[in-house]
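> Sequence and predicted structure below; questions after.
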Amino acid sequence: MTLHEAIGVRVDTDIKTGEKLTHSEIYGRAIEFLGGLDEVARFVPFPVETLRKKLKSDPFLNNTAMSRWEAASGFVCRRGDCKYIGGGIWSLYRQHGINAASASDGVSLLKEAARRLVEREEAAK
(Lines give C-alpha, C1' and ligand atoms only; values in the text may rest on other atoms or scores of the structure.)
Protein backbone atom coordinates (compact mmCIF):
# COMPACT_ATOMS: atom_id res chain seq x y z
CA MET A 1 0.00 0.00 0.00
CA THR A 2 1.26 3.50 -0.79
CA LEU A 3 1.31 6.34 1.70
CA HIS A 4 -1.43 8.12 -0.21
CA GLU A 5 -3.62 5.00 -0.37
CA ALA A 6 -3.20 4.57 3.38
CA ILE A 7 -4.49 8.08 4.09
CA GLY A 8 -7.24 8.03 1.46
CA VAL A 9 -5.79 10.67 -0.86
CA ARG A 10 -5.43 10.72 -4.64
CA VAL A 11 -3.04 13.48 -5.68
CA ASP A 12 -4.58 16.30 -3.60
CA THR A 13 -8.12 15.02 -3.19
CA ASP A 14 -9.83 13.08 -0.41
CA ILE A 15 -10.97 9.86 -2.09
CA LYS A 16 -14.21 9.56 -0.06
CA THR A 17 -15.40 13.17 -0.12
CA GLY A 18 -13.82 14.59 -3.26
CA GLU A 19 -12.58 17.54 -1.19
CA LYS A 20 -9.35 19.23 -2.29
CA LEU A 21 -6.72 19.14 0.43
CA THR A 22 -3.78 21.42 1.07
CA HIS A 23 -0.25 20.07 1.22
CA SER A 24 -0.31 20.59 4.99
CA GLU A 25 -3.61 18.73 5.34
CA ILE A 26 -2.34 15.77 3.31
CA TYR A 27 0.85 15.34 5.29
CA GLY A 28 -0.89 16.16 8.57
CA ARG A 29 -3.21 13.26 7.81
CA ALA A 30 -0.16 11.08 7.15
CA ILE A 31 1.40 12.15 10.47
CA GLU A 32 -1.74 11.09 12.31
CA PHE A 33 -1.94 7.80 10.39
CA LEU A 34 1.65 7.00 11.37
CA GLY A 35 0.99 7.47 15.09
CA GLY A 36 1.15 11.20 15.61
CA LEU A 37 3.69 13.97 15.67
CA ASP A 38 5.98 12.45 18.30
CA GLU A 39 6.34 9.24 16.30
CA VAL A 40 7.16 10.98 13.02
CA ALA A 41 9.31 13.70 14.62
CA ARG A 42 11.84 11.05 15.70
CA PHE A 43 12.99 10.98 12.07
CA VAL A 44 13.28 14.74 11.48
CA PRO A 45 16.98 15.23 10.72
CA PHE A 46 17.50 18.61 12.40
CA PRO A 47 17.22 19.80 16.00
CA VAL A 48 14.20 21.92 16.90
CA GLU A 49 16.33 25.00 17.55
CA THR A 50 17.80 24.82 14.03
CA LEU A 51 14.33 24.36 12.56
CA ARG A 52 12.98 27.32 14.53
CA LYS A 53 15.70 29.59 13.15
CA LYS A 54 15.34 28.32 9.58
CA LEU A 55 11.55 28.64 9.57
CA LYS A 56 11.84 32.37 10.27
CA SER A 57 13.24 32.96 6.79
CA ASP A 58 11.70 30.05 4.83
CA PRO A 59 8.41 28.31 5.75
CA PHE A 60 9.30 25.47 3.35
CA LEU A 61 12.67 24.76 5.00
CA ASN A 62 14.43 24.89 1.64
CA ASN A 63 17.24 26.67 3.48
CA THR A 64 18.28 23.35 5.05
CA ALA A 65 20.33 20.56 3.48
CA MET A 66 18.07 18.56 1.17
CA SER A 67 20.41 15.58 1.38
CA ARG A 68 19.58 15.21 5.08
CA TRP A 69 15.84 15.25 4.41
CA GLU A 70 16.26 12.72 1.61
CA ALA A 71 18.36 10.38 3.77
CA ALA A 72 15.77 10.61 6.55
CA SER A 73 13.14 9.68 3.96
CA GLY A 74 15.19 6.60 3.01
CA PHE A 75 16.76 7.85 -0.22
CA VAL A 76 20.00 9.21 -1.63
CA CYS A 77 19.40 11.57 -4.53
CA ARG A 78 21.89 12.95 -7.01
CA ARG A 79 20.81 15.26 -9.83
CA GLY A 80 17.24 14.02 -9.81
CA ASP A 81 18.18 10.34 -9.63
CA CYS A 82 16.99 8.91 -6.33
CA LYS A 83 18.07 5.55 -4.97
CA TYR A 84 16.22 3.81 -2.16
CA ILE A 85 18.53 3.05 0.77
CA GLY A 86 15.95 2.27 3.43
CA GLY A 87 16.26 3.36 7.00
CA GLY A 88 14.86 6.62 8.24
CA ILE A 89 11.09 6.81 8.20
CA TRP A 90 10.74 3.38 6.55
CA SER A 91 10.61 1.48 9.83
CA LEU A 92 7.55 3.53 10.76
CA TYR A 93 6.01 3.10 7.30
CA ARG A 94 6.31 -0.69 7.56
CA GLN A 95 4.70 -0.75 11.00
CA HIS A 96 1.63 0.75 9.35
CA GLY A 97 1.52 -1.42 6.23
CA ILE A 98 3.10 1.05 3.83
CA ASN A 99 5.45 -0.54 1.33
CA ALA A 100 5.63 2.19 -1.30
CA ALA A 101 6.46 5.88 -0.88
CA SER A 102 8.60 8.32 -2.82
CA ALA A 103 11.50 10.43 -1.62
CA SER A 104 9.22 13.41 -2.16
CA ASP A 105 6.55 11.89 0.10
CA GLY A 106 9.09 11.34 2.85
CA VAL A 107 10.61 14.79 2.60
CA SER A 108 7.17 16.44 2.59
CA LEU A 109 6.05 14.36 5.56
CA LEU A 110 9.16 15.14 7.57
CA LYS A 111 9.10 18.86 6.76
CA GLU A 112 5.45 19.05 7.80
CA ALA A 113 6.31 17.27 11.04
CA ALA A 114 9.18 19.71 11.59
CA ARG A 115 6.89 22.73 11.14
CA ARG A 116 4.30 21.25 13.49
CA LEU A 117 6.93 20.38 16.06
CA VAL A 118 8.18 23.98 16.13
CA GLU A 119 4.58 25.30 16.27
CA ARG A 120 3.79 23.02 19.20
CA GLU A 121 6.88 24.10 21.11
CA GLU A 122 6.19 27.78 20.42
CA ALA A 123 2.59 27.37 21.66
CA ALA A 124 3.84 25.73 24.87
CA LYS A 125 5.92 28.78 25.81
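Nice, thanks for sending it over.
> now the helices: where do they sit in the chain?
Secondary structure of the chain (DSSP state H): helices located at 3-6, 23-33, 37-41, 48-57, 66-72, 90-95, 103-123.
> Any chance you could list what contacts the second one?
Right, the one you point to is helix 23-33. Defining contact as C-beta atoms under 8 Å, 6 or more residues apart in numbering, one finds that helix 23-33 is touched by 3-4, 6-9, 12, 21, 37, 40, 96, 105, 108-109, 111-113, 115-116. Heads up, the C-betas are built off the backbone N, CA and C, glycines and all.
> tell me which residues of it are tucked away?
Across helix 23-33, burial judged by 16 or more other C-beta atoms under 10 Å covers 26-31, 33.
> Among these, find me the one that's closest to residue 58.
residue 27 (17.0 Å; C-beta to C-beta).
> OK, contacts around the closest residue to the closest one other than its chain neighbours?
Spatial nearest neighbour of residue 27, excluding adjacent residues (C-beta to C-beta, 6 or more residues apart in numbering): residue 112 at 3.7 Å. The contact partners of residue 112, taken as C-beta under 8 Å, 6+ apart, are 23-24, 27-28, 30-31.
> again, 7 Å this time
Counting by C-beta atoms under 7 Å, 6 or more residues apart in numbering, residue 112 makes contact with 24, 27-28, 31.
> Am I right that residue 111 is in contact with residue 61?
Yes - using C-beta atoms under 7 Å, residue 111 is in contact with residue 61, at 5.1 Å.
> Report pLDDT for the residue positioned nearest the centre of the chain.
The chain has residue 109 as the residue nearest its centroid, 1.1 Å off, counting by C-alpha atoms, centre = their mean. Per-residue pLDDT puts residue 109 at 98.
> Quick check: it vs residue 56, distance?
Counting by C-beta to C-beta, to the nearest Å, the separation of residue 109 from residue 56 is 22 Å.
> swap in residue 13?
The gap separating residue 13 from residue 56 is 32 Å, by C-beta to C-beta.
> These two: which is more packed in?
residue 13 (14 against 10; other C-beta atoms under 10 Å).
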